[in-house]
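**Q** Fold the following and give me the result.
(one chain, ligands or ions: 2)
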Amino acid sequence: MTSLETASLPIVDLQKAKDPAQRLAVAKQLVHALETVGFLFVDNAEGYESERLLNNARWFFNLSEQEKLLVSRKLWNRESRNYYRGYFPLQPGEVSFKEGFEIGQDNPSSSNSESRSLSIHPFFTEANLWPSTDTEGAHQFHQDLVEHYRVVRNCGAEILRLVSLGCGLEENWFESLFFPDSLSTLRLLHYPVRGEVADKARDGNTVLCCSEHSDSGFVTLLSTFNYGGLQILQDGSDEWTAVPSRPQSLVMNIGDMLSAMSGGRFKATRHRVVDTRVDRFSVPFFFEPHYAANITRVMPSMSQQCAREVTGDGASESAECHYGPWLIEKMRSFAEYREILDSFTRGNTHAKA
Ligand SMILES: O=C(O)CCC(=O)C(=O)O
Ligand SMILES: [Fe+2]
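**A** Numbers count the residues shown, from 1 in each chain. Ligands and ions are numbered 1, 2, ... in the order given. All right, here's what the predicted structure looks like:
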């Protein structure tokens, strides 16, 4: 067995980026990281409190199964009002061995007129579910998560300003895709130590707890705290390398959509999580466009193949494709959503799940 190499990830320092004399150099460093490794560390994200976030993740997953089911999606609790955001339990027998809790923007401002004219899908107007304030610590948990959401959303916006700058574009080139109400998702994850390992979770001597994938969206800002387990497969390589822990930093990578918008110049690097036999927590934030955002925009000076890569062969170069409807179609490819989505299409909003 060959030993696993540690990936050497670039470090982008957002504190330095605030200095006008260094901003362009940081922006270029960021663009270079996206063109090569596709993964990097982001240092000094303003307001980021790693330990507080980890404590919140621990607090949540320590709740009883009963309390967690009260904030779960309808798929796991028929009484729930939510189809899209909320808690999801472990799935024994699957490759991925994790439970999670997802929120979107809390109390979004009113949808912009473009979204209204597209009649936003009910999935995306769901209010977040929060543990009952009768439980000690629940109020603080709610406050802290909303604050972390704000911090990483602002960090994502700053990252995209730097990406634009580093590519020679106006810093606000991406802005209209994300504001006012982005569909961004914050996900708390818990990977417990597993007893029995399903055969399909084995890759040779390695046991996986999150299967190999690339992210689908724009920018992911991930907290891994002091945990190992995350591995990446760099473009053109057939060897997995380990992402070291850097507890005060965010791990950043990009998804297929930003890769496509860059004409393939930026890498949406494949990654997975291996079982390190420890109780593991992580918190990804997926910085996503708003419902009506036209995702067929191609960054100027990039290759023009983007529209077809993102939206499939049906799209013409001039056709617009909006993020929300695109995401719904993508979800339809997952069995857990297909039936629910079909029943919405048939007009039955009381679908059984
Ligand atoms: O848990 C991790 O470190 C990575 C999770 C991940 O890749 C994802 O949720 O997309
Ligand atoms: Fe991922």
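
**Q** Count the neighbours of the residue nearest to residue 69 when sequence neighbours are not counted for me.
**A** Counting by Cβ to Cβ, 6 or more residues apart in numbering, residue 69 lies nearest to residue 77, which is 4.9 Å off, once chain neighbours are set aside. Using the backbone N, CA and C atoms, a C-beta is placed for each residue, glycine as well. Residue 77 is flanked by 19 other residues according to other Cβ atoms under 10 Å.

**Q** State the pLDDT value of residue 77.
**A** pLDDT, residue 77: 94.

**Q** Going by proximity to ligand 1, name the top residue of this structure.
**A** Going by Cβ to the nearest ligand atom, ligand 1 is nearest to residue 282 of the chain, at 3.4 Å.

**Q** tell me which residues form a beta bridge with that residue?
**A** residue 189 (DSSP bridges).

**Q** who touches it in this structure?
**A** When contacts are counted by Cβ atoms under 8 Å, 6 or more residues apart in numbering, residue 282 is found next to 189, 191, 222-225, 227, 230, 273.

**Q** Any chance of a markdown table for the residues you listed, columns pLDDT?
**A** Listed next are the contacts of residue 282 as a markdown table, based on pLDDT from 0 to 100:
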| residue | pLDDT |
| --- | --- |
| 189 | 98 |
| 191 | 97 |
| 222 | 98 |
| 223 | 98 |
| 224 | 98 |
| 225 | 97 |
| 227 | 97 |
| 230 | 98 |
| 273 | 97 |
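
**Q** Quick check on these: which are buried?
**A** Using 16 or more other Cβ atoms under 10 Å as the burial test, the contacts of residue 282 include 189, 191, 222-225, 227, 230, 273 as buried.

**Q** Considering only those, which also neighbour ligand 1?
**A** 189, 222, 224, 230, 273 (Cβ under 6 Å from any ligand atom).

**Q** Test my guess that the first one contacts residue 285.
**A** No - assessed by Cβ atoms under 8 Å, residue 189 is found out of contact with residue 285, at 11.5 Å.

**Q** Identify the contacts common to the two.
**A** By Cβ under 8 Å, 6+ apart, no residue touches both residue 189 and residue 285.

**Q** Now do the contacts for the residue nearest to residue 104 when sequence neighbours are not counted.
**A** Of all residues not flanking residue 104 in the chain, residue 85 sits nearest, at 5.5 Å (Cβ to Cβ, 6+ apart). Shown in contact with residue 85 (Cβ under 8 Å, 6+ apart): 73, 102-104, 126, 128-129, 185.

**Q** number of nearby residues for residue 283?
**A** Residue 283 is flanked by 24 other residues according to other Cβ under 10 Å.

**Q** Alpha carbons of stretch 173-187, as PDB, please.
**A** Below are the C-alpha coordinates for stretch 173-187, written out as PDB (Å, rounded to 0.1, in the frame of the first residue of the first chain):
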ATOM      1  CA  TRP A 173     -18.900  41.200 -11.700                       C
ATOM      2  CA  PHE A 174     -20.600  38.400  -9.800                       C
ATOM      3  CA  GLU A 175     -22.600  40.500  -7.300                       C
ATOM      4  CA  SER A 176     -25.900  40.600  -9.100                       C
ATOM      5  CA  LEU A 177     -26.000  36.800  -9.000                       C
ATOM      6  CA  PHE A 178     -26.000  36.600  -5.200                       C
ATOM      7  CA  PHE A 179     -28.000  39.500  -3.800                       C
ATOM      8  CA  PRO A 180     -30.400  40.200  -2.300                       C
ATOM      9  CA  ASP A 181     -31.600  36.700  -1.400                       C
ATOM     10  CA  SER A 182     -29.100  34.000  -2.300                       C
ATOM     11  CA  LEU A 183     -30.200  30.400  -1.900                       C
ATOM     12  CA  SER A 184     -27.000  29.600   0.000                       C
ATOM     13  CA  THR A 185     -27.000  26.600   2.400                       C
ATOM     14  CA  LEU A 186     -25.200  26.200   5.700                       C
ATOM     15  CA  ARG A 187     -24.800  22.500   6.700                       C
END
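
**Q** what separates that stretch from the chain centre, distance-wise?
**A** Counting by Cα atoms, centre = their mean, to the nearest Å, stretch 173-187 is centred 12 Å from the centre of its parent chain.

**Q** One more: stretch 52-63?
**A** Chain-centre distance of stretch 52-63: 19 Å, with Cα atoms, centre = their mean.

**Q** So what touches that stretch?
**A** With contact meaning Cβ under 8 Å, 6+ apart, stretch 52-63 is reached by 68, 99, 101, 131, 135, 137, 141, 144-145, 148, 188-190, 223, 225, 281, 283.

**Q** Restricted to buried residues, select those in PyMOL.
**A** Of the contacts of stretch 52-63, the buried ones go into a single PyMOL selection, burial set by 16+ other Cβ under 10 Å:
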select buried, resi 68+99+101+131+137+141+144+145+148+188+189+190+223+225+281+283
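
**Q** which residues does the residue nearest to residue 269 when sequence neighbours are not counted contact?
**A** In this structure, residue 269 finds its nearest non-sequential neighbour in residue 38, 3.3 Å apart by Cβ to Cβ, 6+ apart. Going by Cβ under 8 Å, 6+ apart, residue 38 touches 232, 234-235, 253-254, 266-269.

**Q** For residue 180, state which of those is nearest.
**A** Residue 180 has its nearest neighbour among the contacts of residue 38 in residue 254, at 22.7 Å by Cβ to Cβ.

**Q** Tally up the residues packed near that closest one, please.
**A** 27.

**Q** That one contacts residue 222, doesn't it?
**A** No - between residue 254 and residue 222 there is no contact under Cβ under 8 Å: 11.8 Å.
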